[in-house]
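A.B. asks: Show me how the following folds:
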Amino acid sequence: MILSDTVGFITDLPTELVAAFRATLEEVAQADLLVHVRDIAHAESDNQRRDVELVLDRVLSEHESRPPLIEAWNKIDALDEDGAAFVRARAAASGLDGTAQGICVSALTGEGVKDLFALIDSELALDARPVDLVIGPDQGAARAWLFRKGAVRHEETDEQGFTHLKVRLTADDAARFVAQWPQILSEVPFVPLREVPEPVHFLEA
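C.D. replies: As a prediction, this is how the structure comes out:
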């Protein structure tokens, strides 16, 4: 596994700097997983996340798909008891409806680090296998599910409106997918995985 730490993000990045910034982050588009390390104790933490998302949208706008992203909510130890409880509740509710999963951590005390590593292992899913799928125009929910899982590696739409996807699915996720949309995946065998995993990139704001 290769880990790469990106440059920091800049609030309200000027348009003329986007091209230069894109060059430093180009490899991010090829990653299997992005980890956004947030200062959750900062008063502007949510605005900082917005800045990161806006820059990523601009940098990755020319790519057909983008890697899944999880958030490490660092400095949980710097909050008071009530603030920490509120943030932990937010983290527990994150990851729904396509939002990024958040894990409360403290680089100082070590709190949550094991949970973060477990989430990274789960998201990387090194036992995932490449699968080619064809999804009909009326099966948008299946497509959305695959994108929420970060499984899509390539997407094309033909003249008839059918979406051709190259995805990576673990056996567990494939079983969940089959249970919900058996007509799509039931006859598609797994192909032996011979690929080397792409880097995990840590994003700081």
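A.B. asks: alpha carbons only for contacts and neighbour counts from here, please
C.D. replies: Noted.
A.B. asks: neighbours of Lys75, just the number please.
C.D. replies: Residues lying near Lys75 (other Cα atoms under 10 Å) number 20.
A.B. asks: Look up how far Glu123 lies from the closest residue to it other than its chain neighbours.
C.D. replies: Using Cα to Cα, 6 or more residues apart in numbering and skipping the chain neighbours, the partner closest in space to Lys75 is Ser106 (4.9 Å). When Cα to Cα, to the nearest Å is applied, the distance between Ser106 and Glu123 equals 21 Å.
A.B. asks: can you list the weak-confidence ranges in the protein?
C.D. replies: Along the chain, segments meeting pLDDT under 70 span 1-25, 27, 64-65, 96-99, 125-127, 150, 185-205.
A.B. asks: So which residues of it form strands?
C.D. replies: For the chain, the strands defined by DSSP state E cover 3-5, 33-39, 69-74, 101-104, 129-135, 152-157, 163-169, 200-204.
A.B. asks: Quick one: closest of those strands to Pro182.
C.D. replies: Closest to Pro182 of the strands of the chain is strand 129-135 (Cα to Cα; 11.8 Å).
A.B. asks: Go through the closest one and flag the buried ones.
C.D. replies: For strand 129-135, burial by neighbour count (16 or more other Cα atoms under 10 Å) applies to 129-135.
A.B. asks: Leaving out sequence neighbours, find the closest residue to Ala100.
C.D. replies: Ile70 (5.2 Å).
A.B. asks: if I read this right, the one you found contacts Leu34, doesn't it?
C.D. replies: Yes. Using Cα atoms under 8 Å, Ile70 is in contact with Leu34, at 6.4 Å.
A.B. asks: re earlier: residues touching the residue nearest to Lys75, list them.
C.D. replies: Ser106 sits next to 73-77, 112-113 when contact means Cα atoms under 8 Å, 6 or more residues apart in numbering.
A.B. asks: And the furthest pair within those?
C.D. replies: Spanning the widest gap among the contacts of Ser106 are Asp77 and Val113, at 12.7 Å by Cα to Cα.
A.B. asks: Thank you, goodbye.
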